[in-house]
Structure formats: C-alpha cells, structure tokens
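Engineer: following is a predicted model, sequence given first.
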Amino acid sequence: MANTTAVAATAASLASPICVFDVYPVKDIHDLASSPEIFKNASEISTIVSSEFVSTTSWVAHMGGRVMHMAERKGVLVTIGEEDAVRGSLLKIWDLEKMDPRTQAPVLLRPSKIQPSNKPHPVSCFALSSTLSFLAIGLADGTVLLYRHLDQSLSSASSLTALPKTRTIHESSPEPITGLGFRELPNSTNVDAKDNNLHLFIVTTNSVYLYHVSGKGSEGSSVLLDDIGCGLGCAVMDWRAEKIVLARDEAVYAYGLQGREPPYAYEGYKSSIHTHLNYVIVVSPPTTVATTSSAARKLGAQAAGGDSDASRVTVFDMENKVVGYTGMFAEGIKGVISEWGNIYILTNGGQLTRLAEKSTSAKLSMLYAKALYPLALSLAQTQHLDTVIRVCRQAGYFDHASYLAKRYKRHEDYLRVMIEDAGKYGEALSYLRHLGAVAAESNLARYGCAMLDNLPEETTQLLIDLCTISGLLTIPEAEDTTPQQSSTPATSAPSYLSYLALSRTPAAEDKAEESKADEEEDLTEPPETQPSVPTPSKEKRPLPTLYFAHFVDHPSYFVRFLESVAARRWGQSLFSLPSSLPNVSSDEDEDSEKRNQAVWNTLLELYLDGGSPEQQDKALEVLTSDTLPCDKTHALILCSSYGYTRGLHNASPSESSASTEVVQALVRYGTTHPHLYELVLRFLTSTPELLTRHQADVEKILEHIEKERTIPPLGIVQILSRNGVASVGLVKNWLMGRIKEAREEDQQLINSYRLETNAKLKQVAELEDPMHAKVFSVTRCSQCSGQLDLPSVHFMCNHSYHQRCLLDHDTECPLCVRQHGFIQEIWRNNERMADQHELFLADVQDNGFKAVASGFGKGVLNMTRLDDVAV
C-alpha cells in the first residue's frame, strides 16, 4: 500500500474535466425508437461496413461454442474461440474478401488448435502485428506463444498448408498473462525512430516484460521492465503503437522501450481500458477511490439509476493531461468501439451511444472562453502545423496564424492569411519582394488580381521588377514596411504562442538556431548598402505573359507594365531609352522572340483600344517601326477590327510579295490540297494587276486542272467570267482543246449508240419476219437451271423452261415480263405527264432549258400513246 501511495504522489495530475465530445444515441435505421438491431439478435460474428450498423455478412465461427478473441488486419480476421467438439482453444483465420459459395461465409484459410502442453489452458489475451507477420497468444498459466511469418503461410503463392509452429517465448507461472501488444516498426507517425526492431510487451498480474521479436539481438529471453502489472482487459497499446498503457486502481501507467514513464494520477476501480486516437478510455464502476465503503458504492449506484452494475466511462488525453469526457451508464458497459473517427459505447442492455469529438476550432474557442490559454495551445501543439494555422484562421486569430506561417516559412499560408483574411495587402506586397523570383511567381499568379485591385501602383512596379530583374528584388524607398511588424501578436494580449513547442526550453544548439532564424525572418529591414553593380543571378525570370490576365480591369497599368518590361528586359521602346535604365539582360533562349512579339502585339491592341489621339500615334509608331517585333498579320487584323484606317495602310503587306507567297504556298501544299487551285485561280484573276503579273502562273494552274480533271470546263468558264478581268484569249487554246476532247467523247458515244440501235433493229426485224427460222440452242431451264427435257417451252427472248416450271396461265417469259412491266410503267408515267401542261410550264419557268431538254429526252414532247402502240 505504501508503494501505491508513493506512485500516486509522483504521478502527473489530470486537468479538470472539459467536455470535448458530443454525445449522441445511435438508433436503428429501420426503427428510430430503438438501438441497432445487430446488437440485440446478432449472430456469432457479423461484418459491419458503415456507421449505420447494418450487417452485410454474418456466420457462426465456432460451432457449439463462442468467440473469445478476434482481430482484423488487411481484410483478414483472426478468431480464437471454443467449440464443443474440440478440447481447448481453437484458432481460425478467415479471408473477409472471399466468400465460400456453399456456406455464404468468408473463406476459412487456416484452422489450428492452441495447446502447447498436454493440459490445455484458456487463452487470456492475444496480439496481432499490423503486417500479419507475427501473432502472440497469452495463456492463463503465464505462457506466451509466438507465430512467426504468419503472412507467408496465408499467401496463395505459398506451398504451406498449415500454420507455422509456435514457439514459447515467455513463462511466468502462476501469473496469468493479462496483456500483449506489439511495438510496431517506426513510421511517419512514430516519433521514436532510433529503434527499427519489433518488440512485444508482455503484461501479467504483477509484472511488465519486453521481448525482442525481430531485428538484431532478437530471439532472446524477455526482459523485466517493472514489477507492477494489471488485471485482465486493463492493458492496451497506444494509438501510435509505441507504448503500452496499463490501468490500475491508483493511476494509469505507460511503458516504452526504456521502461515506465511518469504515470497519470487517476484513482478508482478500473474494469477495462481502450484507446481512441490520442485518447485513453477507462471503464470503471462509479466509485473513484479504492477505499470507498460499501455504503458509498451503493449510493453511487443509486445516483446512476439504481443499478449496481452501473459503470463510468472516462476519456482523457494523456498528452495534454486533460479529461475530455466522463459519463455514467446505468446498464453497465459491454464493449467500447473506436471506429469511423468516433467512440461507440455499448451497454449490457444493447443501447449504443456515440461520442463525437468536437472540431479543433470549437475546442480552442471553448478553451479561450475559459481563459485556459496554456491548455488550448498545448492542444494545438499536438496537431500538424497546417491544422494549427487553419484553426487560428477560423477562430479569427490572424496575427497568430501569420506568425506561425512566417516563422516556419510557409509562404503560401502567410500570404493567404494576409490577403484573404486580414486584408493587409501592403505587408503581403513587402513579403513578396523578399521571396525571390520562384516563390513570388507562383504566389503572384494566384493573388495578382487582388493585389492590383487594392494596390495597383505598387503591385505593377513589383511585377515589372519581377519580370526584369535577375536575383533579389530591391525595396523602393517610398514603400512603407512598418505595418509588417503588426503581424506579430499584440503585447497587450496573453502571449498564447509562447506555449507552443517553440516555448519549451530548448538546448543551447536549438537556441542558436532559433536566434539565427529570428534574424532571418526580419524580412522588412532592407540592407544598409547595395553594390553598385548587381551580381547577375542564374534565377530564371518569369514570363510577362503569365500576368496578362491580372490586368483585365487595369488597362492603364497594363500599358505601363508592358512598356517597362519591353524597355528593361529587351531594350525596346517607342522613344529613346533613359540613361538611368538598368543594364538590359536579354533572354537567350529560343522562345524569347515569340515572347517579345506577344508583348508588342498586346501593346498595339491596348493602344488601339484606348482610342485617344496619343495612343493612336503610339499604335502608328509600332506599325511603322522596323525594329519592334510586331506581327504584321496580327496587326492587320487588329487595325481591321478597330477600324483604324491609317494602320491598315501601313500594316498591309505589298501586293507583289503577297501574291508571290500565295503562289509559293500553292506549289507547296497544292498536291495534298487540290481545292487550293480553284481558290488561287479566283485570287489571281480578281484584279487586272494580279492577272498581268501572274499570267504564266494562271496558265500553269489551268494545265494542272486539265491534267488532274479537278474542275469541269464549264466551272472554269464560270470562274473566269465572273468579273470581266480575264479575256477569252487567255483561255482560248485551253478551251478549244477541251471542246475538241468533249466532241470526240460525244462522237464515241454516238457511234456506240448507233451500233446498239442497229443491233436492236436487226433483232426486231428477225422477230417480225415469219419466214425467218428461229433456232433455240438453250440446254438448261432458266427457272431451275436443270437440264432441259421434254416437254419444254421456248420463248423468242432466248429463255427456255421446263413445262412443269411454268404456271398454267404463263404465256410470257417470267424473267422478261418484270423488266417489260417496269419499262411500261415508266412509259405510262411519262404519258400522264404529257397531259399535265401546267406542271411542265412551271418547271420550264424554274429550270428553263434544263426542263425542256429533260422533257424531250423522256419523249414527253412527241409522246406516242401506249394504246396506239398496242393497236
């Protein structure tokens, strides 16, 4: 008892309870008046994938028994339970991502019986590493069993069909094992990165041991850390898997690799302990002092609702030494779950309660309101730097947020606070000048518009310097940098930031680094002397085009920006350059000419858009200059768009050079783009001057068109006759040649038609001559293609059929009657059209000669009636 008192006296005291959790009852999604059904009539094991607590899969893992322990890692579930048919405990490993089609349960990967000796002992606790590599099992007789390389035996590529053999790594009979926990390998969240080995904490009722599992020096015996143990369920690993936390009646202890750390005084009975992020959850009866009398315990139970099984839940932050929640549950506690960022407390009666942590800003606001500034900043200290800055911004502490961002050189965060929150554009502008070209370039691309809206003069000058100066930017003498000092916290208010990690007593080396950093952070004080000639830096200057969009609402400053950049970066100006201009450092890359041209093209557009006589004179200077790299084609389009006649005259290229370039382009691209020949022909015959200059080119174009047959002769005639520029003599020879070719083609068609007509007339004459004998030499039936046999029927059209292939009433050839019917139908339609004179006259009025020619070709004008033919 004396030992307990001494320990409690040296333990760190927890702060007064401050509720940082909101309490909500969890209801069933189908019945909002009751708790989730899964906790009332659940199967042995149920898989739940959301905070609605709806079962997606359920199965019986241990037939006729119960599940005593289970843990899940990477979709693999490990259960330890008892079954009626098996003597002792049984280990089963399930794959939650694969289902057995027969049982509709997860696939059972490996079963194994846990019995290191002839006499079985119950499993009191177990621990599973995060990588599934190691599994430790603690027995009630003080034995600890270890499975090594468990993940390899579960792999589908492994040839192993059973779990690896266990090894007994600890024996402490008769003290039962009450807690196990793997101290995981260091990672990004593990602050102790000096030891890269895996260790196992072993807790009994009276002792704490450490066993070296993997790494150099492993496979030895366990090492005693302390002679203080705990009861079953009162040992748990912290959220970083660095330390094991023990709950005893007098205090809460934490053990690391080096042994016991300062305990936390929290007296009272404790039935179990759990972790949730950086919080420790203690479940205990309502009494809080170990010497409490039975009458007091009864009174506490009555206060909780009259149930002697009432339990208290206390949630406290061990890092900040603050109790975040305490509450009584009359029905007793059956389990505590940490999932989905919340704490869920399940009572023995099946009621489920959710504890949701308040937001950091809400917690800080609550602590600020109670003037608990050290505790508030200690709480913020445990968060990442981004979270602290964001919380300070949300709470309206812009000076604190800017100080932190400036102190740790978080340039984007500092500018975001200064511009978006505090509206201190002058300080932001001064800060940007000291960032250098790279950092200032990206931040000005984001905040350039806001800076120009509030400080157009100063921001324009900064952009000019940024695009023209290589190296550090100078500070104008007129720029007021005194407001920069206001970004530090006010001295009249409590120095909240002194409670951050920076305020902890640092070592001598840390103090030296901090003082050096403080000297470097004074960005507002310009150097006392400047060298007469600045040393060139290799920093690449940003492109002026990057900031064009920021000047949309500031055309006058845009003109000043472009003129200054062109003069100071490339030494180009409409007027003589001043003698005080800094040394010009031109770009040496290949794209510098294009960037320079983009500046002058934009300047020309701004001059024309201004409309004043002075600006139009500047535009004319740009158009007539032989040294300024302005795109003439772009200038011509701008002058045409703004109706600037004087500029059109100067911007238009000479006709001779333009037409020559057109012909050259036709030679280059005409092969792959044949339609260009028609366009160029139209262009060269648009004016007498062009036709006179390029008559030979026109003849070559006509020869190419004749060779490739891309345009019919009538199309050429229509192109040349559209404006009266080209004469008939220009295309006389070409036109006569095409007419001769057309006549020859027509004569060939006429001859072929005459031969065909004579053959038809001869055939008709033979059919009409009764004395002319007709010989039928067809040997196959035209209907079934079979060999002709008697009786057979022959038609004068040279088609023959079996008599059986013809219908009784067929007196005409079945093949020819369809064609003759189609022709007769056309004839009848034309005959009807011959009587509809109104339609024909209307067609003549619309189409003229084309309608007359069509009617003559169809025989409408000299139609012979079908009835007359029949007669």
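Structural biologist: In hand now; what should we look at?

Engineer: which residue is nearest the centroid of this structure?
Structural biologist: In the chain, the centroid-proximal residue (Cα atoms, centre = their mean) is residue 446; its distance is 20.1 Å.

Engineer: quick check on that residue: phi, psi?
Structural biologist: phi -90, psi -40 (degrees, to the nearest 10).

Engineer: and residue 282, that's in a strand?
Structural biologist: Yes. Counting by DSSP: H, G, I helix; E, B strand; the rest coil, residue 282 is found in a strand.

Engineer: is it true that it touches residue 311?
Structural biologist: No. Counting by Cβ atoms under 8 Å, residue 282 sits too far from residue 311 to count as a contact (10.2 Å). For every residue, glycine as well, the C-beta is placed using N, CA and C.

Engineer: burial of residue 691, as a residue count?
Structural biologist: 18 (other Cβ atoms under 10 Å).

Engineer: all helices of the stretch 601-750 of the chain, in order?
Structural biologist: Taking DSSP state H, counting those that start in this stretch, the helices of the stretch 601-750 of the chain run over residues 613-624, 632-641, 645-651, 655-669, 676-684, 688-693, 695-708, 713-720, 732-768.

Engineer: distance between whichever helix or strand comes after the longest one and the chain's centre?
Structural biologist: If I follow you right, that is helix 732-768. As assigned by DSSP states H and E, the chain's next helix or strand after helix 732-768 is strand 792-794. Centroid separation for strand 792-794 versus its chain: 82 Å, with Cα atoms, centre = their mean, to the nearest Å.

Engineer: strand 792-794: partners in the sheet, and parallel or antiparallel?
Structural biologist: Taking DSSP bridges as the criterion, strand 792-794 sits next to strand 800-802 (antiparallel) in its sheet.

Engineer: residues in contact with stretch 168-179?
Structural biologist: 116, 124-125, 136, 138-146, 200-207, 209, 211, 221-222, 229-236, 244, 246 (Cβ atoms under 8 Å, 6 or more residues apart in numbering).

Engineer: which of the residues you listed count as buried?
Structural biologist: 116, 124-125, 136, 138-146, 200-205, 207, 209, 211, 222, 229-236, 244, 246 (16 or more other Cβ atoms under 10 Å).

Engineer: sort out for me which of those are in helices.
Structural biologist: Using DSSP state H, the subset of those located in helices is empty.

Engineer: tell me the pLDDT of the most far-flung residue of the chain relative to its centre.
Structural biologist: Distance from the centre of the chain peaks at residue 771, with 94.3 Å (Cα atoms, centre = their mean). For residue 771, the pLDDT comes out at 81.

Engineer: cool, and the one 4 residues further on?
Structural biologist: The predicted local confidence for residue 775 comes out at a pLDDT of 82.

Engineer: name the SS class of residue 241, please.
Structural biologist: Quick answer, by three-state DSSP: residue 241 is coil.

Engineer: roughly how far apart are it and residue 126?
Structural biologist: Counting by Cβ to Cβ, to the nearest Å, the gap from residue 241 to residue 126 is 16 Å.

Engineer: same check, this time on residue 615
Structural biologist: Distance from residue 615 to residue 126, by Cβ to Cβ: 84 Å.

Engineer: near residue 612, how many other residues are there?
Structural biologist: The burial count for residue 612: 9, using other Cβ under 10 Å.

Engineer: who are the neighbours in contact with it?
Structural biologist: Contacts of residue 612 (Cβ under 8 Å, 6+ apart): none.

Engineer: same deal with residue 361?
Structural biologist: 391, 394, 395.

Engineer: correct me if wrong: the last one contacts residue 366.
Structural biologist: No. Taking Cβ under 8 Å as the contact criterion, residue 395 and residue 366 are not neighbours in contact, 10.8 Å apart.

Engineer: which residues are contacting the host helix or strand of residue 823?
Structural biologist: In this structure, residue 823 sits in helix 814-835 according to DSSP H and E. With contact meaning Cβ under 8 Å, 6+ apart, helix 814-835 is reached by 782-783, 795, 797, 799, 801, 806, 812, 839-840, 858-860, 863, 865-866.

Engineer: please identify which of the residues you listed is nearest to residue 61.
Structural biologist: Residue 61 has its nearest neighbour among these in residue 783, at 80.8 Å by Cβ to Cβ.

Engineer: which one of the contacts of helix 814-835 is nearest residue 75?
Structural biologist: Nearest to residue 75 among these: residue 783, at 74.8 Å, using Cβ to Cβ.

Engineer: chain neighbours aside, what residue packs nearest to the closest one?
Structural biologist: Spatial nearest neighbour of residue 783, excluding adjacent residues (Cβ to Cβ, 6 or more residues apart in numbering): residue 805 at 4.1 Å.

Engineer: burial count for the one you found?
Structural biologist: For residue 805, using other Cβ under 10 Å, the count is 16.

Engineer: just confirm it contacts residue 788, I think it does.
Structural biologist: No. The criterion here is Cβ under 8 Å, and residue 805 misses it with residue 788 at 10.1 Å.

Engineer: overlap in contacts, those two.
Structural biologist: residue 781.

Engineer: still on that earlier bit, among the buried ones among the contacts of stretch 168-179, which lie within strands?
Structural biologist: 124-125, 136, 138-139, 143-146, 200-204, 209, 211, 235-236, 244, 246 (DSSP state E).

Engineer: if we can go back for a sec, mind checking which of the contacts of residue 361 are in helices?
Structural biologist: Using DSSP H, the contacts of residue 361 in helices are 391, 394.

Engineer: who wins for neighbours among the contacts of residue 361?
Structural biologist: In terms of neighbour count, residue 391 stands highest of the contacts of residue 361 at 23 neighbours, by other Cβ under 10 Å.

Engineer: state the pLDDT value of that residue.
Structural biologist: With respect to pLDDT, residue 391 scores 75.

Engineer: these two touch, right, it and residue 364?
Structural biologist: Yes. Residue 391 lies in contact with residue 364 (Cβ under 8 Å); the separation is 5.8 Å.

Engineer: helices along the stretch 301-450 of the chain, start to end?
Structural biologist: Under DSSP H, counting those that start in this stretch, the stretch 301-450 of the chain gives helices at 360-369, 373-381, 385-394, 398-407, 411-416, 425-433, 437-454.

Engineer: what strand or helix carries residue 91?
Structural biologist: strand 89-100.

Engineer: tally of neighbours for residue 336?
Structural biologist: With other Cβ under 10 Å as criterion, residue 336 counts 20.
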